[in-house]
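>>> Below are the sequence and a predicted model; questions follow.
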Amino acid sequence: MSAKKLFEILVGMLAYLLITLLWFFYAVPGMWESGTEAALIVGGFGSMLWLAVTASGIVYIIQRARP
């Protein structure tokens, strides 16, 4: 594996990790504390979007790993 490809993979993993941590430890608790309907809807849809992105990423990685 080339150094460029490894760098791209590591940067992608770091970005995913940072976005996940920011979403679940900063944005979502703030939305739950505000308690407005709009904030709760955005929090729910954002979490569903995160779940879809995670599942899609896992499927992509599994498909790429097959010979």
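That came through, no problem.
>>> And for L40, nearest residue in space, chain neighbours not counted?
M31 (6.6 Å; C-beta to C-beta, 6 or more residues apart in numbering). Quick note: C-beta positions are derived from backbone N, CA and C, even for glycine.
>>> wait, doesn't the one you found sit right on A39?
Yes - counting by C-beta atoms under 8 Å, M31 touches A39, with 4.1 Å between them.
>>> Which helix or strand lies directly C-terminal to the worst-scoring helix or strand of the chain on mean pLDDT?
Every helix and strand of the chain was ranked by mean pLDDT, DSSP states H and E. The lowest is helix 28-34, at a mean of 86. Where DSSP states H and E defines the elements, the next helix or strand beyond helix 28-34 is helix 37-65.
>>> Against which helices or strands is that next one packed?
Judged by 3 or more C-beta pairs under 8 Å, 6 or more residues apart in numbering; DSSP states H and E, the packing partners of helix 37-65 are helix 28-34.
>>> 10 Å instead, please
Under the contact definition 3 or more C-beta pairs under 10 Å, 6 or more residues apart in numbering; DSSP states H and E, helix 37-65 sits against helix 3-22, helix 28-34.
>>> Export these to JSON lines and append columns for mean neighbour count.
Below are those laid out as JSON lines (neighbours: other C-beta atoms under 10 Å):
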{"stretch": "helix 3-22", "mean neighbour count": "10"}
{"stretch": "helix 28-34", "mean neighbour count": "13"}
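>>> returning to that earlier point: pull the contacting residues for the residue nearest to L40.
Counting by C-beta atoms under 10 Å, 6 or more residues apart in numbering, M31 touches 38-44, 46-47.
>>> which stretches of the chain have low pLDDT?
For the chain, applying pLDDT under 70 flags the ranges 67.
>>> mind redoing it with 80?
Along the chain, the parts satisfying pLDDT under 80 run over 1, 65-67.
>>> Phi, psi for T36 please.
Note on T36: its backbone torsions stand at phi -70, psi 160 [degrees, to the nearest 10].
>>> separation between it and P29?
Separation of T36 from P29 (C-beta to C-beta, to the nearest Å): 14 Å.
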